[in-house]
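Asker: I would like the atomic coordinates for the input below:
(chains A, B and C)
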Amino acid sequence: MKIFEWVRFGTAGGIALLMSFPTVWMFYSAFKSNKEIFTSPFKLPYSWSFASFVNAWQQGNLGTLYLNSLIVTVTAVAMAVLFGTSAAFAFVRLEFPGRQLMYRILLVGLALPPAAIAISLFVQLRDMHMLDTLWALILPNAAWSLSLTVFLMRGYFDSLGADAEEAARIDGANTFQVLFMISIPMVWPAMLTVTIISVIGIWNELLFALLFVAEPDKRTLPAGLIRFFGQHTTDYSLIFAALSILSFPVLALYFIMQKRVMTGLTGAMA
Amino acid sequence: MRRKSPERRTGLVGSGAVNVLFAAPALLLFGTFVLWPLGASVSFALTNWDGYNVPHWIGFDNFTRAFRDLSYLWSYAHVTIYVLATLLFEVTFGLFAALLMNSSKPGYSLFRTLFFSPVVLSWTAAGLLWTFVLDYRTGLVNATLRALGLGSLAHPWLSDPVTALIALSLVSGWKYSGFYMIIFFAAIRRIPQDVYEAATIDGASTWQQVISITVPLIRSNALVCVLFAVTGGYSAFDLFFTMTNGQPNGATDVPVTWILKQGIAQNQIGYGAALTLILVVIIAGIAAIYSRSTDRLRVTQY
Amino acid sequence: MKLFALAAVSIASLMAASSAAWAQTELRIAHQAGTESAKVMDEVVADFEKLHPDISIKQLVFSSADYENTGLVTQLQSSTPPDIYFQWAGYPVERDVKTGTAFDLTGAMATDGWKETFQPGLWTAGSGTTVDGHIYLVPTSVGVDVTLWYNTKLFKKLNLDTPKTWADLMTDVKAIAASGVTPIVIGNKEQWPLGNWISQIASRLVPPADYEAAFNQDGPFKIPGFQHAFQLLKDLHDAGAFNIDMATLDQDQGMATFFQSAAAIDPIGWWLVRPKDQISDPDFDYAQFNTPIIDDTTSNKDNVSGSGEGFIVNAHSEHKDAAIAFLKFMTSAENQAKWIAATGQSSPVIAANVGANLDPHVAEIATLMNTASSLTAPPDTSYPLPVARTFYQAAAYVASGDKSPDDALDWLDATLKSMGKQTN
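Answerer: Residues are numbered from 1 along each chain as shown, chains lettered A, B, ... in the order given. All right, here's what the predicted structure looks like:
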């Protein structure tokens, strides 16, 4: 069996390395000059230069793009998680007319691709005078994250059982207090997971970012980078630096929180 | 869903119509930015609006045109090939990786983390990175082939209609198989050890155990994964837009990229809306048929 | 909750910053620009702001594909649309007039002899600056859209002359292919680079009335003229003339291939010209020749493919006077001279071209434009976009060998028929 173990370890390790190599390669290639990337693509940089990163930041106006992405992501995720948890709470712990129907309607967003309504949403945002503002990205992104959020939170609420909340009720708390003082502290692990999943999704969102915001200073990172790429298609060092800057925060977040991300995803799919 | 013990009923903390207020913000947001545009789509689809001038009612003309639109129909063929490929490169490969890396021994946790890492990247970053890697003249793949003396194998991967779609599917597999790996991994982890122990006592080999215990018990997860991959695959956009946007000559156009070209880039809002509605109906239809026919298979019993 | 507050504060401060200019008149100008033209624009804007301290200008700059696809549309539909925006001459101007975003500048042009500073040919009916006799577009550049740029060193090495006829071109192409270099590189990802070229070729072979009819969907494309044009494309493909990755290379990568001497010819427009210091190979030398004569008997056998671009004043703008003042400033002889020096385009303003220190390549194509016996404009600026785009797709099919010329034209006619008449 020993041989089997070693083969298994080797294969697993090999696959893991292969999967992560392109990203790693992209990162360290950004430290090279363009010429070096072509002449010795695989070697580690001869000298580690931050020049491309600086150039990418300045030419691509990445500081502004970063800020926009940050604003959109933080606001949208906050809205989605807050509203979604509150709604999940309502669907599981409260009784009101139409609750099953409303829940089913919210689930529609799970199977619906955002592209489905991109065009009509464009027109609608125009009529609401929101085109070319960050709200055009915050609100739709939050709305689309609601389906998954409600679905996951509801599952979590379901699996927890209502004992603590019922007890609080008996002690005289009103519904609002139950939600905020008992339920949320109980479900915060799931909320954290949902937050991370939503952050990854919204930070990387491309379609709405391309369509609804055109002013270069208001764009988010993915959309801005496409434009940046269009203008510098042959300077790979620059492109890789820009992509590294884009990917670094989410990757860092993932590596720090990976246990939580993985357990959260798996718990959700249960 | 984990089975709840019969005594534990979902406790109700309150009842009464006023409680709808807790769901109200979510419903309002969802209604305004998802349901309303969906409804508007239906009305746009029945006009020939170009986004600027006054729309004219043209009934179902957009829909009949859609069925004559060969590029649109072909986009479904392309996306179906893509979906089938992702079932292999993402779901099956993810399952394989989950089985392979299902070990508590040192190092495996790191392997799983590395395997999952591409999932976190944006499709844009992945697309741009791989576009460079696959470039014909200067890309990494061809440069390596040439350096190894295999220059004749160097190929314009993204310019050849056949290889383009396969290349895109492979990139997609690289990017997303980690997602399925994690799901299967968790499912496998949930299988109680005593089931395996009993089998070992009965004399079953590891391989036999995998086939007859592991795989059937994660069936319900597998079904959900397939549904997810299929519905997600049909609405694929980001990777296709970033890497080829339909090229070469429409060979990698999928429904969404084609819809955007027609609807936005060519100012045909009405037509674009019609195309979108057809896509939505198809995806919903697939999901419904799939759910119904796999309902019986969903229950897991250890 | 803290995060939420932080987000709210950030948004509020951002909104405040953007409305900080309420004390002055703010002009918003949307346009697409490359690196060189962007620099000149910045200079002109800065100078104007110095002369008019009560006006501040906000530029919204895009890349060309971005601008064409969603950039301009989103800008015009937003609640803070631009006061001035860039537009291509021809059909786009007509459409803007119809949708009411173009302001009639006939009156402004008549004051202070502004109109007379431009080349008179720009105001003729076909030049795309006017609709029904009224001026809507202030032209800021006219340029050649397709000419065959070639690597002079490569040609010399292979002892090739610039071709005068199509047969000469085919000979040259075969010789280049035999030497192992890609004869013609086209970065055709957006499909208009090849599209522009094939349209020029077709315009020489198809009678003007039939050409017009086909693009307006009043007549078929499968007629001898177009068949001949597509056959020429096929001949090129069969001779191995094109780069194999034509469909996924975008125009910048195509031009980079040319400048890296990996291809001998790049058929594209005036924007290929760039300052010497931007070309990585210091010994690189290039020149151009117009598409060689195919049919010696037609009147437009040596026409030049060219079109104009310029700026439109938004009819909904609240600062039309300031906008017009800026455009007048921008089209003054001195500023246009700056424009020429940096970008290498020739200017539509007569006085600017005098004594201008033009890059020799620019001088070449300026001469080409000025001495052209006839002009033809790319169809995606003069005809409905869906029709032009489908035509470009048909040409791409032939150039890549995916369809035969007749099949491609059949496909084209069938597709246009199923698309229905495009609203004009």
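
Asker: Every contact and neighbour count from this point should use C-alpha atoms.
Answerer: Noted.

Asker: so where's the chain uncertain?
Answerer: Unless you meant another one, I'm taking chain A. A:1, A:230-234, A:260-270 (pLDDT under 70).

Asker: not what I meant, chain C
Answerer: If you take pLDDT under 70 as the line, chain C has these spans: C:1-23, C:35, C:65, C:69-70, C:125-126, C:277, C:343-345, C:355-358, C:423-424.

Asker: What segments of it are strands?
Answerer: Per DSSP state E, chain C carries strands over the ranges C:25-32, C:55-62, C:84-88, C:130-131, C:134-135, C:137-151, C:182-184, C:263-268, C:286-289, C:304-313, C:375-376.

Asker: Close to chain C: what parts of the stretch 151-300 of chain B are there?
Answerer: Contacts of the stretch 151-300 of chain B with chain C, taken as CA under 8 Å from any CA of the partner chain, map to B:156, B:158-160, B:244, B:247-249, B:264-266.

Asker: Going by distance to chain A, which of these wins?
Answerer: residue B:264 (7.3 Å; CA to the nearest CA).

Asker: how about the strands in the stretch 51-200 of chain A?
Answerer: With DSSP state E, counting those that start in this stretch, the ranges of strands along the stretch 51-200 of chain A come out as A:94-95.

Asker: How is chain C partitioned into domains?
Answerer: For chain C, the structural domains run C:25-143+C:305-376, C:145-303+C:377-419, going by automatic domain parsing.

Asker: Would you format the ones you listed as CSV with mean neighbour count included?
Answerer: Output for the domains of chain C, formatted as CSV (neighbours: other CA atoms under 10 Å in any protein chain shown):
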stretch, mean neighbour count
domain C:25-143+C:305-376, 19
domain C:145-303+C:377-419, 20
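
Asker: Can you add distance to residue B:279 and give the ones you listed back as JSON lines?
Answerer: What follows is the domains of chain C, written out as JSON lines (distance: least, CA to CA, whole Å):
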{"stretch": "domain C:25-143+C:305-376", "distance to residue B:279": "22"}
{"stretch": "domain C:145-303+C:377-419", "distance to residue B:279": "19"}
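
Asker: looking at the ones you listed, which is closest to chain A?
Answerer: domain C:25-143+C:305-376 (4.8 Å).

Asker: hang on, the earlier thing: how about the strands of chain C, which one is nearest residue B:198?
Answerer: Checking the strands of chain C against residue B:198 by CA to CA gives strand C:55-62 as the closest, at 66.7 Å.

Asker: sorry, back to before: include distance to residue B:274 when you put the strands of chain C into a markdown table, please.
Answerer: A markdown table is the format used below for those (distance: least, CA to CA, whole Å):
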| stretch | distance to residue B:274 |
| --- | --- |
| strand C:25-32 | 31 |
| strand C:55-62 | 30 |
| strand C:84-88 | 29 |
| strand C:130-131 | 33 |
| strand C:134-135 | 37 |
| strand C:137-151 | 35 |
| strand C:182-184 | 40 |
| strand C:263-268 | 37 |
| strand C:286-289 | 46 |
| strand C:304-313 | 33 |
| strand C:375-376 | 36 |
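
Asker: Relative to residue A:93, which of these is closest?
Answerer: strand C:55-62 (50.5 Å).

Asker: returning to that earlier point: can you tell which of the domains of chain C is closest to residue B:57?
Answerer: domain C:145-303+C:377-419 (16.5 Å).

Asker: Ends of that closest one, what's the gap?
Answerer: With CA to CA, to the nearest Å as the measure, domain C:145-303+C:377-419 spans 28 Å from end to end.

Asker: Identify the residues contacting residue 146.
Answerer: No chain in the question, so chain A it is. A:80-81, A:83-84, A:106, A:109, B:26, B:30 (CA atoms under 8 Å, 6 or more residues apart in numbering or on different chains).

Asker: wrong one, I was asking about chain B
Answerer: By CA under 8 Å, 6+ apart, the neighbours of residue B:146 are B:152, B:154.

Asker: Which SSE is immediately downstream of the host helix or strand of it?
Answerer: Using DSSP states H and E, residue B:146 maps to helix B:140-147. With elements assigned by DSSP H and E, the helix or strand that comes after helix B:140-147 is helix B:161-189.

Asker: Now find how far off-centre that following helix is within its chain.
Answerer: How far helix B:161-189 lies from its chain's middle: 9 Å, per CA atoms, centre = their mean, to the nearest Å.

Asker: what does stretch B:65-76 give?
Answerer: Here stretch B:65-76 is found 21 Å from its chain centre; the criterion is CA atoms, centre = their mean.

Asker: what about that stretch, how long is it end to end?
Answerer: Using CA to CA, one end of stretch B:65-76 lies 16 Å from the other.

Asker: Mind checking what secondary structure the most centrally placed residue in chain B has?
Answerer: By CA atoms, centre = their mean, chain B has its centre lying nearest to residue B:232, at 2.9 Å. Three-state call for residue B:232 (DSSP: H, G, I helix; E, B strand; the rest coil): helix.

Asker: Return the per-residue confidence for it.
Answerer: Listed pLDDT for residue B:232 reads 86.

Asker: Distance of it relative to chain A?
Answerer: Distance of residue B:232 to chain A, given as CA to the nearest CA, to the nearest Å: 8 Å.

Asker: residues in contact with that residue?
Answerer: The contact partners of residue B:232, by CA under 8 Å, 6+ apart, come to A:111, A:113.

Asker: If we use 6 Å, what do you get?
Answerer: Contacts for residue B:232 were tallied using CA atoms under 6 Å, 6 or more residues apart in numbering or on different chains; there are none.

Asker: Tell me how far it lies from residue C:187.
Answerer: 32 Å.

Asker: try residue C:247
Answerer: Taking CA to CA, one finds residue C:247 at 7 Å from residue C:187.
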